[in-house]
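S.K.: For reference, the sequence and a predicted model appear below.
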Amino acid sequence: MLNVVVILSISKTGGKTGIKILFCTDLELSYDLVEKYYCLRFQIEFDFDDAKHRFGLSSFKNYKEKNLTNFVNMIFFMCTYNKIALEREREKTGNPNLSTNDLKIIQNYRFIAKSVINQVRKRPDLIFNTAFWNNYKPEILINNL
């Protein structure tokens, strides 16, 4: 048994008609929820693509069920966090075109600035110490080189 939803759409400008046929195995869903879920599937694809390419889901190497569950949950948490942080940064900067890569760069620079400030607070003489600046390589930079 299948729940079948047929949607007839008519263009207001050109009068063209189109038909969408949606299938669902949940017989209890109303037609509007079936349509809503189908519309969400593209967002699910985008989120999965982000998880694979930006947060390491494609490079997963564990096979134990608990490790797999934890890793997948962490990856999708990072996807959700990224969306929230990106929206906040767009509002803060007034730039609606900021990308995930822009957000990563901004957060890396903030991390570096905080690390340097913390080091200088501990030993203010370090800011004028050439040896410190020559040897200072935050872990986040080393991993990205």
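M.R.: Looks like it came in fine.

S.K.: Ile19 belongs to a helix, doesn't it?
M.R.: No: assessed with DSSP: H, G, I helix; E, B strand; the rest coil, Ile19 is strand; it does not lie in a helix.

S.K.: Going forward, the N-terminal residue is numbered 184.
M.R.: Understood, numbering begins at 184; the last thing we discussed is Ile202.

S.K.: how about the nearest residue to it, chain neighbours excluded?
M.R.: Leu191 (5.7 Å; C-beta to C-beta, 6 or more residues apart in numbering). No exception for glycine: its C-beta is placed from N, CA and C like everyone else's.

S.K.: Point me to the helix or strand that includes that neighbour.
M.R.: strand 186-193 (DSSP states H and E).

S.K.: Can I get that strand in PDB? Just the C-alpha atoms.
M.R.: The C-alpha coordinates for strand 186-193 follow below in PDB (Å, rounded to 0.1, in the frame of the first residue of the first chain):
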ATOM      1  CA  ASN A 186       0.000   6.900  -0.100                       C
ATOM      2  CA  VAL A 187      -0.100   8.700  -3.400                       C
ATOM      3  CA  VAL A 188      -0.400  12.500  -3.700                       C
ATOM      4  CA  VAL A 189      -1.000  14.100  -7.100                       C
ATOM      5  CA  ILE A 190      -0.300  17.900  -7.300                       C
ATOM      6  CA  LEU A 191      -1.600  19.900 -10.300                       C
ATOM      7  CA  SER A 192       0.100  23.200 -10.700                       C
ATOM      8  CA  ILE A 193      -0.900  25.900 -13.100                       C
END
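
S.K.: Much appreciated, bye for now.
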